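Asks: Sequence below, structure please.
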Amino acid sequence: MREIAEHIIHALNDGTDSVLVTVMKHRGSAPRHAGSQMLVDGSGLACGTIGGGAIEGHAIAEAQAMLGERHGQVEDLALKLQGKNSLGMACGGDAVLLYTPVVAGDEQWGQVARGLVRCFEERVPAYLALACCEEAPAFESSIALLDEAGACMAGCCNVSKEQFGSLKLKGICNGCYLMPIPLPTRAIVFGGGHVGRAAVAALSRVGFDCTLFECRPDFARPEDVPAAKSIVLGSYESIAASLSLDAHDYALIMTNTHRYDYAVLSQVLRQPLAYVGMIGSRKKIALGRKLMLEEGISEEALDAVHMPIGLDIKAETPEEIAVSIAAECILHRATN
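Replies: As a prediction, the model looks like this:
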């Protein structure tokens with residue numbers, strides 16, 4: 001969604017019309033679930049995806065036909081080989097699409113898009129509210145950005161705080177489709193060696209904001225790790241002096257020495273984190289468990305650590321190991 005917001009800001013600055021397409025509902029098997037989005041302009045797909053194939057091609061054509069209009073619309077599509085509103089797809093489910101116009105010069109959209117970017121940069125929880133009406137062929141379009149309590153931060157919304165509080169995660173309320181902003185998860189990669197750099201690149205491509213933590217200046221050059229959102233040069237034995245962690249963070253430990261790996265592991269296990277993983281052989285992991293237990297780390301905390309880090313895909317090269325790590329992090333993010 002951040003890429004979509006940034007595209008909208010540029011489009012508004014350039015005086016270009018576009019249309020935001022949102023999967024508002026899905027029933028049964030569908031390429032993407034509710035909340036998936038793409039932005040369409042005069043040249044076609046600008047960014048995002050609602051699943052590719054026939055549904056995306058159809059939606060791009062519909063959105064392009066709406067460019068410059070100020071009224072939104074809802075479309076119910078059958079993802080079946082035949083039948084009413086069928087797209088000739090074998091998925092077998094249904095999808096309801098919401099088309100929201102982004103008209104050049106619309107300051108309401110400008111405020112919301114800039115607010116979205118700030119939410120991503122500052123990791124502020126928020127909700128996007130898009131006007132919708134399934135009963136009407138077209139309706140007055142509006143957009144708003146709400147904080148996690150339902151207060152309007154930008155734009156205009158008809159949903160009260162009381163109505164907002166009764167809604168779970170995403171859905172339709174008082175003529176608005178509400179969806180939480182999918183804030184990126186921060187992954188802190190401890191170690192800028194071959195695997196660390198490859199892990200930063202792989203994780204960045206699948207929606208993680210990566211911070212590289214290194215103690216060696218030669219391994220912490222931005223030009224060598226362009227995918228890292230930030231690079232912290234600090235001591236592995238005193239992480240808190242250079243970086244604050246929170247309960248949503250992923251910690252991936254792969255420093256240049258076993259001693260530093262154990263030092264980092266000891267520190268990160270003394271606070272709640274979403275995910276902790278450490279690279280290493282069985283012997284290294286066994287010794288690490290022994291040392292952590294001697295330091296007072298509980299068995300329960302150690303059992304939650306992904307050691308060795310990554311899914312077992314028989315990876316050998318740094319790039320293959322990075323793929324296994326990214327796959328494990330994707331799975332953990334999707335199931336927790």
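Asks: need the helices for the protein, in chain order.
Replies: Along the chain, the segments classed as helices by DSSP state H run 2-14, 53-66, 107-122, 161-165, 194-204, 258-268, 282-294, 299-303, 318-335.
Asks: so where's the protein uncertain?
Replies: Counting by pLDDT under 70, the chain has low-confidence residues at 81-86, 89-90, 135-138, 161-163, 165-169.
Asks: the domain parsing of it - what is it?
Replies: As given by automatic domain parsing, the domain ranges for the chain are 2-180, 185-335.
Asks: Now these in JSON lines, please, with extra columns for mean neighbour count.
Replies: Glycine gets a C-beta too; all of them are placed from N, C-alpha and C. Shown next, in JSON lines, are these (neighbours: other C-beta atoms under 10 Å):
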{"stretch": "domain 2-180", "mean neighbour count": "18"}
{"stretch": "domain 185-335", "mean neighbour count": "17"}
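Asks: hang on, the earlier thing: can you put the helices of the chain in JSON lines and add distance to Asp94?
Replies: Formatted as JSON lines, the helices of the chain follow (distance: least, C-beta to C-beta, whole Å):
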{"stretch": "helix 2-14", "distance to Asp94": "24"}
{"stretch": "helix 53-66", "distance to Asp94": "11"}
{"stretch": "helix 107-122", "distance to Asp94": "28"}
{"stretch": "helix 161-165", "distance to Asp94": "26"}
{"stretch": "helix 194-204", "distance to Asp94": "34"}
{"stretch": "helix 258-268", "distance to Asp94": "44"}
{"stretch": "helix 282-294", "distance to Asp94": "47"}
{"stretch": "helix 299-303", "distance to Asp94": "42"}
{"stretch": "helix 318-335", "distance to Asp94": "23"}
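Asks: The nearest residue to Tyr127 once chain neighbours are set aside and Pro101: what is the separation?
Replies: Nearest residue to Tyr127, sequence neighbours excluded (C-beta to C-beta, 6 or more residues apart in numbering): Leu146, at 4.4 Å. Distance from Leu146 to Pro101, counting by C-beta to C-beta, to the nearest Å: 20 Å.
Asks: which residues of the stretch 101-250 of the chain fall in strands?
Replies: All strands of the stretch 101-250 of the chain, identified by DSSP state E, counting those that start in this stretch, fall at 126-131, 139-140, 143-147, 152-155, 171-173, 176-180, 185-190, 208-214, 230-233, 250-253.
Asks: Just put those strands in a markdown table and tack on distance to Ala198.
Replies: Formatted as a markdown table, the strands of the stretch 101-250 of the chain follow (distance: least, C-beta to C-beta, whole Å):
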| stretch | distance to Ala198 |
| --- | --- |
| strand 126-131 | 33 |
| strand 139-140 | 48 |
| strand 143-147 | 36 |
| strand 152-155 | 38 |
| strand 171-173 | 40 |
| strand 176-180 | 31 |
| strand 185-190 | 10 |
| strand 208-214 | 11 |
| strand 230-233 | 16 |
| strand 250-253 | 11 |
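Asks: show me the contacts for the residue nearest to Tyr127.
Replies: 126-129, 152-153, 157, 159, 164, 178 (C-beta atoms under 8 Å, 6 or more residues apart in numbering).
Asks: closest one to Cys173 among the helices of the chain?
Replies: If you check each of the helices of the chain against Cys173 by C-beta to C-beta, helix 161-165 wins as the nearest, at 5.2 Å.
Asks: What's opposite Ala129 in the beta bridge?
Replies: Listed beta-bridge partners, Ala129: Ala144, Leu178 (assigned using DSSP bridges).
Asks: what do you get for Leu39?
Replies: Beta bridges link Leu39 to Leu20, Cys47, judged by DSSP bridges.
Asks: on that earlier part again, out of the contacts of Leu146, who's nearest Gly52?
Replies: Closest approach to Gly52 among the contacts of Leu146 (C-beta to C-beta): Leu128, at 22.6 Å.
Asks: Relative to Ala5, how far out is the closest one?
Replies: 9 Å.
Asks: again, but for Val200
Replies: 23 Å.
Asks: Equivalent analysis for Gly277, please.
Replies: 31 Å.
Asks: And for Val276?
Replies: For Val276, the distance to Ala5 - C-beta to C-beta - is 31 Å.
Asks: Show me the contact partners of stretch 295-302.
Replies: Contact partners of stretch 295-302, identified using C-beta under 8 Å, 6+ apart, comprise 266, 269-270, 289, 292-293.
Asks: Convert the C-alpha atoms of it to CSV, please.
Replies: Output of stretch 295-302 as CSV, limited to C-alpha atoms (Å, rounded to 0.1, in the frame of the first residue of the first chain):
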residue,chain,number,x,y,z
GLU,A,295,22.5,-17.2,32.0
GLY,A,296,18.9,-17.8,33.2
ILE,A,297,17.1,-17.9,29.9
SER,A,298,14.1,-20.2,30.2
GLU,A,299,13.6,-23.4,28.2
GLU,A,300,10.3,-22.0,26.9
ALA,A,301,12.0,-18.9,25.4
LEU,A,302,14.7,-21.0,23.8
